[in-house]
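> Generate coordinates for the sequence data below:
(3 chains)
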Amino acid sequence: MSTATTTDSQRKAPAGERVADWADGRLGIYSLAKSNMRKIFPDHWSFMLGEICLYSFIIIILTGVYLTLFFHPSMNEVVYHGPYVPMQGVPMSEAFASTLDISFDVRGGLLIRQIHHWSALIFVAAMVVHMMRVFFTGAFRKPREVNWIFGFLLLVLGMFTGFTGYSLPDDLLSGTGVRFMEGAILSVPIVGTYLSFFLFGGEFPGGDFVARFYSIHILLLPGIMMGLLVAHLILVFYHKHTQYAGPGKTNNNVVGMPLLPVYMAKAGGFFFLVFGVIAAIAALASINPIWALGPYRPDHVSTGAQPDWYMGMPEGLIRAMPGWEINLWGHTLVLGVFIPLLLFPLVLGAIAVWPFIESWVTGDKREHHLLDRPRNVPTRTAFGVAWIAEYIVLLIGGGNDMFAQYFHLSINNITWFVRIGFFVVPVLAFIATKRICLGLQRRDHDKVLHGRETGIIKRLPHGEFVEVHEPLPQAKLHTLTSHEQYQPIELGPTVDENGVERKPKAMEKLRAKLSKGFYAENNQIPKPTVEEYKEIQSGHGHH
Amino acid sequence: MKKLSARRRHPLAAVVVLLLALAATGGLYAAFAPAGKAQADETAQSLAIEEGKKLYAVGCASCHGTGGQGSTDGPSLVGVGSAAVDFQVSTGRMPAQQPGAQIPTKPPVYTQAQIDQLAAYISSLGAGPSVPTQKQVDPAGADIAKGGELFRNNCAQCHNFTGEGGALTHGKYAPNLADVSPKHIYEAMLTGPQNMPSFPDSTMPEKQKKDIIAYLQNVNGDKSVSPGGLKLGGLGPVSEGLFGWIFALGALIAVAVWVAAHTAKAKKS
Amino acid sequence: MSSQDIPEEKHLPSEQGDAHHGGVAVADDPFADPGLPVHKPRIQDIDERAAKRSERTVAMLFTLSMLATIGFIAAYVTIPVDKYVYVFPIGKVSGLNFALGLTLGTALFCIGAGAVHWARTLMSDVEVADERHAIAAPPEVKAKVLQDFADGANESAIGRRPLIRNTMLGALAMLPLSALVIMRDLGPLPEDKLRKTVWAKGKLLINQNTMEPLRPEDVVVGSLTFAMPEGLEETQHDFQNQIAKAALMIVRLQPQDIKDKRELEWSHDGIVAFSKICTHVGCPISLYEQQTHHVLCPCHQSTFDLSDGARVIFGPAGHALPQLRIGVNDEGFLEAHGDFEEPVGPAFWERG
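Residues are numbered from 1 along each chain as shown, chains lettered A, B, ... in the order given. Coordinates of the predicted model:
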């Protein structure tokens, strides 16, 4: 290091530079850094939701590796003789016993376990919120559809990685969840029993599933997720970040702070902030106290048997479903379980396919880097809110016993609410949201044309009172009018230039119909035009 | 359509929406809350009547029949034993204020002496489980771990892993056992109050009841510990999920807002 | 798909920024983009004292982090793992978990807060614009790539020699079969394993609490008892698999309350024995309401009426709980009269 400071007439490069030179000669880092070191990232809190996901994922991996050092993924039966009195002498699997050891014998083991589990809940929750941000601002549009899919796959894989991890301690709560999974697999027509026997190595619970879930939980799923995550981040870098509309921000630029130093400090610092907050939460709030749950036995159960929150949605489906079962020709079709099993990916996937439906309807093949305000795309926003409403209805269904207990309601009535709400609530949410969006569009429209309400009341010479409206500054006018508005597509003439009649295809008719539903007069408020603005501003200064 | 959305901006619109929302919430609650039937007979205020029979005639007979034979409003008390009387009356469940999905606890109406008299009267109608002695319910020296196993096999299905309680059908529930005295736990197991099944000594001997009481005191008593921090109600994933969404994710988003916010600008420039 | 039927692009709005480009306010267009606002300095940019204050705050945060790490190590070394302390208002918690978590949290948080405060107050906050470039390649690049590909494909002769192509595709398609076949030993075949339990004629009903055989007089009306078959030991290697099917729930009703004829026939003096395993997805169902004779599943709220053949009266279960036919042997103990007559637990395709 110190040699770099020696005075030499021939400039000798400092040590850092020489290391970089060495690396450049082998990795070409200068060319790589040329365009990336000062890469611009826009600053907005909602752009940091994805960072919460990334960082909680890293925290999960770090703490997870630590936990593997102590966890025994084995279902061999042992008798507990550790320090936790209510379990002394109780037969249990080695998996459960080693989880007790992590909690009571390993110093700091409980903390790491709790950080791991809290991070997992936060990871999936942050992915949902991040996905909603991307959805409602239209950040999934070209060129980012592929990244949207990567993100969606990460969410799905995150749910299953969480579920397999939740099952590992082989406690009475998670064992009940695994039993449910077995029942769900058995409901699959034709191959269900075989799948179940192959997964569990025979009859439930057998002696294999902890070890098998373990390799799925720590290797298979996180490995795939790691790959998707890297691809997701590379694409974020490659596409450059989207930005909200505003003065100086166009579809052809990205305005913000350079990666080095501001964004690096902020993003790097944010990792420590996230880790710090989660560590503090793990110090303060207990999660999955397996010592209170006891070891799994297939003939024991507790009320309040629940999955972690991210599996609450399928849990709601399964709880609300009526018990349909068809027996035909010596076979049983367990619709009461199989239908929810099919609905689970359908409900979840509904949000994932929206970008493709939307781009088909608009026929828009251009790149979009400026984000939408949700109110300016009422149909999309309404669909998103309807999806969230459906999700929440099912979450309520998944926790119907808890809601019944805590609000002194009848579990049967809540179940009926979910059964009906499954169909009704999303529709109501859709209608209400769309109307709210249109109302907000009208407000923007008025604000642009008539200015901001100042709250100052003026009396005119002839005695009339009016509120003074202050015209908006140009930056604000630009922001409020910079969104694009599609026009509904027309089917075009049904007779071509040669006078031959042609019939529009069914898909095209559907597309035109949808387009009308999205963009016709009643479904968006036309932007104020320059002419309107000038007329109002020059005619009468107030309204 | 346009008219409605124009009115939405009326200053009173928010108030109207709020009122509608409140009305809807109230209506929904009324619809989902388990329905109470009619207001029942008034609670009898007992005078200092020395005999259980007289107490019974005033406070209990209207529902349970003059001779304890039961009626449409209350079950027969013949053969329920003194333990059932002690449990029902000293936890305040009886006399019931009003019928409903389930009769809740409330401050007891009778003194212990009166309860004993009532119990004596009911026991005289037919033999049944009697009130346990102090020694019978004392968990000292009991096997806590065995109690845990018994609890998970016999009790947790309704009362949750550590006795936090849970929901049953149509608004009925298994109550939280946190503040229930050992005697009452014992009596409940012995007699099976309301919809709870009984666990008589013939299938669950006295020693095992003690084990269960000892387990409950260890995991859900004054001295129990929650190693990991806040217990969050001891209810498992639902409360953990709510906590994670509201507090954990909420805190992280608040931090994100701070990180991304523009720093205050100097006044002059 | 083709969208020939719909005139392309007509309905699309004009390109963003086409109408008013240039960043300068055009007098004619009040909505034009005025360009990036002029940068306004922060207090720290113009007042060195404020900047110094920021610097001290950042340094203090980093120092605090170091102290917290020292605290973490100190807590790890000094606090015993089994020490419980009362922390208001949380309750009695593990002292070590609490101390380690808070010190670690502080050490991490302060590094983050220091870095962010540094970035927010001392690093330049001038916003810069970066130009974007189209993601799609220009036509000449595309043409070159397509040509290269065509050349490569041509040189490989894959188009001209279909025999090679087809056999290669066949080989690649077949290969995954070995990956599939090798999964066969993940588990045995189901055969009739889901149809049978260890219950058999003459097996006594063992009370799971006492591990003693049950007599009819032990089981009183309104009580709930769980039983397992005689001969099944908790220590045997397949206990979990066996109890997962054999678990039994025993209640006693007044014989006149039993509505189902077969249930009455299979009972003994009002004592009925039903499978404890829910027919929905297999939770041990046992939330027995002794007044209504309903039994509720804690997992998905299927409700069965034990006084009426355990038929489903609410929830997602598809069929009644299987009943075990019981009686009393010569010595006065309850015994099974055979195995369940139908498979217990969740329904499956072959159940029929």
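> What number of residues are in the vicinity of residue C:78?
11 (other CB atoms under 10 Å in any protein chain shown). From N, CA and C alone the C-beta is placed, and that goes for glycine too.
> which non-adjacent residue is nearest residue 80?
Picked chain A for this. Closest residue to residue A:80 apart from its sequence neighbours, by CB to CB, 6 or more residues apart in numbering or on different chains: residue A:87 at 4.7 Å.
> oops, I was thinking of chain B
The shortest distance from residue B:80 to any non-neighbouring residue, by CB to CB, 6+ apart, is to residue B:128 (5.0 Å).
> so that neighbour makes contact with residue B:84?
Yes - using CB atoms under 8 Å, residue B:128 is in contact with residue B:84, at 6.7 Å.
> Which residues does the residue in the stretch 1-150 of chain A positioned nearest to chain C form beta bridges with?
The minimum distance from the stretch 1-150 of chain A to chain C, using CB to the nearest CB, falls at residue A:40 (4.0 Å). Beta-bridge partners of residue A:40, counted by DSSP bridges, are residue A:258.
> Please tell me how far it sits from residue C:39.
Using CB to CB, to the nearest Å, residue A:40 is found at 15 Å from residue C:39.
> So between these two, which is more surrounded?
Set residue A:40 next to residue C:39 and count neighbours by other CB under 10 Å: residue A:40 wins out with 21 against 13.
> Contact partners for the most centrally placed residue in chain A?
For chain A, residue A:128 is the residue whose C-alpha lies nearest the centre (CA atoms, centre = their mean; 2.1 Å). Neighbouring residues of residue A:128 by CB atoms under 8 Å, 6 or more residues apart in numbering or on different chains: residue A:155.
> same question, residue C:193
Contact analysis of residue C:193 by CB under 8 Å, 6+ apart lists A:197, A:202, A:203.
> show me which of those residues neighbour chain B.
Among those, no residue lies close to chain B (CB under 8 Å from any CB of the partner chain).
> Tell me where the longest helix sits in chain C.
Identified as the longest helix of chain C according to DSSP state H is helix C:48-78.
> What is that helix packed up against?
helix C:43-46, helix C:95-121 (3 or more CB pairs under 8 Å, 6 or more residues apart in numbering or on different chains; DSSP states H and E).
> what about the strands in the chain?
Picking chain A for this. Here chain A has its strands, by DSSP state E, at A:40-41, A:77-79, A:91-93, A:243-244, A:253-258, A:326-328, A:331-333, A:370-371, A:452-459, A:465-470.
> Let me rephrase: I mean chain B.
In chain B, the strands defined using DSSP E lie at B:166-167, B:173-174.
> Now do the residue lying closest to residue A:216 once chain neighbours are set aside: how many residues are near it, please.
What sits nearest to residue A:216 in space, not counting adjacent residues and going by CB to CB, 6+ apart, is residue A:164, at 5.1 Å. Other residues near residue A:164 number 23, with proximity taken as other CB under 10 Å.
> ditto for residue C:203
23.
> returning to that earlier point: distance check, the residue of the stretch 1-150 of chain A closest to chain C against chain B.
Distance of residue A:40 to chain B, given as CB to the nearest CB, to the nearest Å: 15 Å.
> sorry, back to before: now tabulate the strands of chain A in a markdown table and tack on mean pLDDT.
What follows is the strands of chain A, written out as a markdown table (pLDDT from 0 to 100):
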| stretch | mean pLDDT |
| --- | --- |
| strand A:40-41 | 92 |
| strand A:77-79 | 94 |
| strand A:91-93 | 95 |
| strand A:243-244 | 94 |
| strand A:253-258 | 92 |
| strand A:326-328 | 88 |
| strand A:331-333 | 91 |
| strand A:370-371 | 96 |
| strand A:452-459 | 86 |
| strand A:465-470 | 85 |
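> Single out the most deeply packed of the ones you listed.
Greatest average neighbour count among those goes to strand A:370-371 (a mean of 24), per mean count of other CB atoms under 10 Å in any protein chain shown.
> Just confirm yes or no for it near chain C.
Yes - using CB under 8 Å from any CB, strand A:370-371 reaches chain C at residue A:370.
> And chain B, is that strand touching that?
No - judged by CB under 8 Å from any CB, strand A:370-371 makes no contact with chain B; its nearest approach is 14.7 Å.
> Low-confidence stretches in the chain?
All of this refers to chain A. Along chain A, the model assigns pLDDT under 70 to residues A:1-10, A:539-543.
> Let me rephrase: I mean chain B.
Along chain B, the model assigns pLDDT under 70 to residues B:1-14, B:26-50, B:267-269.
> Closest to the centroid, which residue in it?
residue B:175 (2.9 Å).
> So that residue is in contact with residue B:164, correct?
No - between residue B:175 and residue B:164 there is no contact under CB under 8 Å: 9.6 Å.
> What is the burial count for residue B:17?
For residue B:17, the neighbour count with other CB under 10 Å is 11.
> need the contact list for it.
Applying CB under 8 Å, 6+ apart, no residues qualify as near residue B:17.
> now swap in residue A:257 and tell me
For residue A:257, the contacting residues are A:40, A:41, A:43, A:263, A:266, C:124, C:125, C:127, C:128, by CB under 8 Å, 6+ apart.
> Out of those residues, which end up buried?
A:40, A:41, A:43, A:263, A:266, C:125, C:127 (16 or more other CB atoms under 10 Å in any protein chain shown).
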